[in-house]
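Undergrad: sharing a model that was predicted from the sequence below.
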Amino acid sequence: MADRKFTAMTLVGTLTWLGLKLLVVPLALPLSLLVMLLGFIPNLGPILAALPAVLIALSVRPMLALYVVMLYTVVQMLEGYVTTPMIQQRSIQMPPALLITAIVAAGLLSGFLGILLATPMTAVLLVFVQRFYFEDVLGDEPESRESRKE
């Protein structure tokens, strides 16, 4: 799973670098590397990565800062809605309703930290239930994606 995230973050870093180069933002390479590294932190990482780029662009000219914000937004939307789902389609299958419920519940119980940790904790719990309940208790293999297609 880490290699899939690394692939997605490499793509995000590359797209960010290309966009920053096209916009002629100084320090495009270090800023895109920062996007790659901070992209591993869910929700907060992309925001922290965008701040230095926006401040640098603001020092060049204010309109450039707006373009940088738009670039980062588009790249993050592409990552969230296109590349990551495509890359992770063979990983754990989590129903969206379960994930949304987990994020809301964790947010109510633990605040912002709960929101940050809800997705990984839900994934671990789901794998735990699949492995120990379905396989050990029921002696059943959970339904795979391939068997559902047939």
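TA: Yep, that arrived.
Undergrad: which stretches of this protein form helices?
TA: With helices called from DSSP state H, the chain shows them at 2-22, 28-38, 45-60, 62-78, 84-87, 96-128, 145-149.
Undergrad: burial count for the closest residue to residue 79 other than its chain neighbours?
TA: With Cβ to Cβ, 6 or more residues apart in numbering as the criterion, residue 79 has its nearest non-adjacent residue at 4.9 Å, and that residue is residue 12. Quick note: C-beta positions are derived from backbone N, CA and C, even for glycine. The number of residues packed near residue 12 is 24, by other Cβ atoms under 10 Å.
Undergrad: what's the separation between residue 12 and residue 111?
TA: Remark: distance between residue 12 and residue 111 (Cβ to Cβ, to the nearest Å) = 27 Å.
Undergrad: residue 21 now?
TA: Relative to residue 111, and taking Cβ to Cβ, residue 21 is found at 39 Å.
Undergrad: quick one, what contacts the nearest residue to residue 28 once chain neighbours are set aside?
TA: Distances taken as Cβ to Cβ, 6+ apart place residue 20 nearest to residue 28, at 3.7 Å, with adjacent residues excluded. Residue 20 makes contact with 28, 31-32, 53, 68, 71 under the criterion Cβ atoms under 8 Å, 6 or more residues apart in numbering.
Undergrad: could you redo those residues as JSON lines and give each row neighbour count?
TA: Below are these laid out as JSON lines (neighbours: other Cβ atoms under 10 Å):
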{"residue": "28", "neighbour count": "19"}
{"residue": "31", "neighbour count": "23"}
{"residue": "32", "neighbour count": "24"}
{"residue": "53", "neighbour count": "27"}
{"residue": "68", "neighbour count": "24"}
{"residue": "71", "neighbour count": "22"}
